[in-house]
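Trainee: Here's my sequence, what's the structure:
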Amino acid sequence: MLMRQLLLASAAALAPSLLAPAWGDEPIVGLQSLIEEALERNPEIQAASRQVARMKARVPQRGALPDPMLSYGVMNEGRPVPFQTLGDASFSEVYVGILQDLPYPGKRGLRERVAEEEARASEWALESVRRRVVAQVKEAYYQLYAVDAALEIVERNRELLENLERVAAALYTVGQGIQQHVLDAQVEISRLEERISVLEQQRSVVEALLNSLLYREAGTPLGRPEPLHSAPLGYDMEQLWKMAEESSPALRERSQWVAASERGVAVAQRELLPDLGVNFVYHNRGGLDPYYTFGGTLSLPLYAGRKQRKAIEEASEGLLESRHTFDAARARVRYEVTEAYLSAKTAERLLSLYEEGILRQARLSLDSATAQYQVGRVDFLTVLNSWTRLLEYDVTYHEQIANHEKALARLEPHVGTQTSLP
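Mentor: Down below sits the predicted model:
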């Protein structure tokens with residue numbers, strides 16, 4: 001009678017675990033605070049931000065004129081030593097001049113626009129890194145939830161099994177039970193101990209990942225995640241593809257590189273045109289009247305076959321490369337959106353199945369096995385199997401909640417953050 005009463009009490013104690021794990025006294029850590037910390041401290045985001053600043057600083061440089069050249073010297077007529085005949089001989093002089101190269105009109109503007117496109121590409125690259133890091137933080141957080149939920153459920157069931165094992169041992173001692181019941185309970189307890197060890201290792205790995213994303217010291221405690229409540233994905237696949245085409249920073253970045261490559265072809269074509277140069281020189285002849293010279297230069301693209309035209313060929317191939325890279329990025333984004341969508345929808349179906357069928361049926365199965373055991377129609381092992389099955393389903397249920405939220409997190413880098421609402 002004592003064994004049967006304990007079994008009934010144990011089965012009733014399992015009911016709360018069907019909805020959510022009973023969190024302990026460990027402090028709760030919110031997801032939003034972790035995201036804000038990652039955005040502020042993550043080294044990859046910081047590096048991408050510095051790259052944006054670097055690329056923006058390059059823009060005015062590309063459009064600037066070449067540095068002017070200052071020239072100076074001494075001319076001496078009749079004697080090799082400078083200044084000895086200055087003011088006496090007409091060809092003795094001190095001169096100073098300035099030379100300014102002037103790229104053919106339009107070259108500087110095109111170069112600056114190329115740099116602007118590259119800077120915009122780096123801005124989208126930064127946004128892509130930010131979204132990816134946020135998604136990684138979310139996925140790790142949801143995995144932490146699943147591991148902690150499993151640990152809570154397994155720990156609670158281990159305590160109940162230990163009670164059962166003690167009662168079974170006591171009944172066996174007084175001749176009212178069999179040794180098999182004791183051994184079965186001990187085997188299940190050992191299996192739960194093994195599972196707890198694996199789960200604790202998994203939790204340490206997830207904590208290490210989160211600490212690295214937050215740029216914290218290794219081993220910094222995180223606390224427990226908040227309970228999760230999944231909401232269904234409010235879009236179909238075609239809508240998500242369209243949203244990704246319009247807003248994915250990875251595609252925006254590649255698109256900007258295509259634009260930069262198109263500008264680069266125009267720059268290479270313009271390089272066939274000659275650059276100009278102007279100069280002015282002042283000649284001081286001492287006591288004689290000074291004179292002034294004005295002149296200019298014109299570059300001659302005599303080696304265009306080996307230089308400028310090859311540069312055009314190089315830029316054209318770079319443009320084709322950028323376009324193919326964009327196509328590859330679009331295919332990759334479409335695959336990632338599809339994979340995340342299918343994962344989210346599968347998790348939704350499984351959650352519905354667990355909530356409306358599997359958990360309820362497993363609970364009824366345990367109740368039935370317990371009732372049948374009371375009247376001697378089933379053995380202890382049947383009750384233990386029903387109990388174990390309910391434990392597995394309960395853990396899997398929380399894993400599917402985490403899987404659903406992780407799938408949404410993988411969608412967000414491409415389609416934004418409002419993936420749960422239509």
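Trainee: hang on, Ser212 is in a strand, isn't it?
Mentor: No. Assigned with DSSP: H, G, I helix; E, B strand; the rest coil, Ser212 falls outside any strand and is helix.
Trainee: what about the closest residue in space to it that isn't next to it in sequence, which SS state?
Mentor: Spatial nearest neighbour of Ser212, chain neighbours left out: Ala218 (7.9 Å); criterion: CB to CB, 6 or more residues apart in numbering. Glycine gets a C-beta too; all of them are placed from N, C-alpha and C. With three-state DSSP as the basis, the three-state label of Ala218 is coil.
Trainee: And the pLDDT for Ala218?
Mentor: According to the per-residue confidence, Ala218 scores 82 in pLDDT.
Trainee: next one: phi and psi at it?
Mentor: phi -60, psi 140 (degrees, to the nearest 10).
Trainee: thinking it is in contact with Asn211, fair?
Mentor: Yes. Counting by CB atoms under 8 Å, Ala218 touches Asn211, with 5.9 Å between them.
Trainee: Of the two, which one has the most company?
Mentor: Set side by side, Ala218 and Asn211 show more neighbours around Asn211, with 17 against 8, by other CB atoms under 10 Å.
Trainee: Which residue, neighbours along the chain excluded, lies closest to the more buried one?
Mentor: Thr220 is the one closest to Asn211 (CB to CB, 6+ apart), at 5.2 Å.
Trainee: and that neighbour, how many residues sit next to it?
Mentor: Using other CB under 10 Å, Thr220 has 11 neighbouring residues.
Trainee: That one reaches Leu213, doesn't it?
Mentor: No. Applying CB under 8 Å, one finds Thr220 not in contact with Leu213, separated by 11.8 Å.
Trainee: Give me the neighbour count for Leu359.
Mentor: Using other CB under 10 Å: Leu359 sits among 19 other residues.
Trainee: mind checking how far the residue nearest to Asn211 is from Glu165?
Mentor: 38 Å (CB to CB, to the nearest Å).
Trainee: Just give me how far stretch 250-257 sits from the chain centre.
Mentor: Distance of stretch 250-257 from the chain centroid (CA atoms, centre = their mean, to the nearest Å) equals 16 Å.
Trainee: and the residue most central in space within the chain, what is it in contact with?
Mentor: Central residue of the chain (CA atoms, centre = their mean): Arg132, 2.0 Å from the mean position. For Arg132, the contacting residues are Pro413, by CB atoms under 8 Å, 6 or more residues apart in numbering.
Trainee: Let me know the helix or strand that it is in.
Mentor: Take DSSP states H and E as the rule and Arg132 turns out to sit in helix 107-173.
Trainee: Do a quick rundown of the helices in this protein.
Mentor: For the chain, helices defined by DSSP state H occupy the ranges 2-14, 31-41, 43-63, 107-173, 179-213, 237-247, 249-270, 308-353, 359-374, 380-415.
Trainee: Please convert those helices to a markdown table, extending it with distance to Arg285 and mean pLDDT.
Mentor: Output for the helices of the chain, formatted as a markdown table (distance: least, CB to CB, whole Å; pLDDT from 0 to 100):
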| stretch | distance to Arg285 | mean pLDDT |
| --- | --- | --- |
| helix 2-14 | 109 | 52 |
| helix 31-41 | 68 | 93 |
| helix 43-63 | 41 | 95 |
| helix 107-173 | 38 | 88 |
| helix 179-213 | 74 | 85 |
| helix 237-247 | 71 | 92 |
| helix 249-270 | 43 | 95 |
| helix 308-353 | 43 | 94 |
| helix 359-374 | 105 | 80 |
| helix 380-415 | 73 | 88 |
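Trainee: will you turn these into CSV that also has distance to His229?
Mentor: Below are those laid out as CSV (distance: least, CB to CB, whole Å):
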stretch, distance to His229
helix 2-14, 21
helix 31-41, 13
helix 43-63, 29
helix 107-173, 11
helix 179-213, 20
helix 237-247, 22
helix 249-270, 29
helix 308-353, 11
helix 359-374, 16
helix 380-415, 8
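Trainee: Of all the ones you listed, which one comes closest to Pro225?
Mentor: Nearest to Pro225 among the helices of the chain is helix 107-173 (4.3 Å), distances taken as CB to CB.
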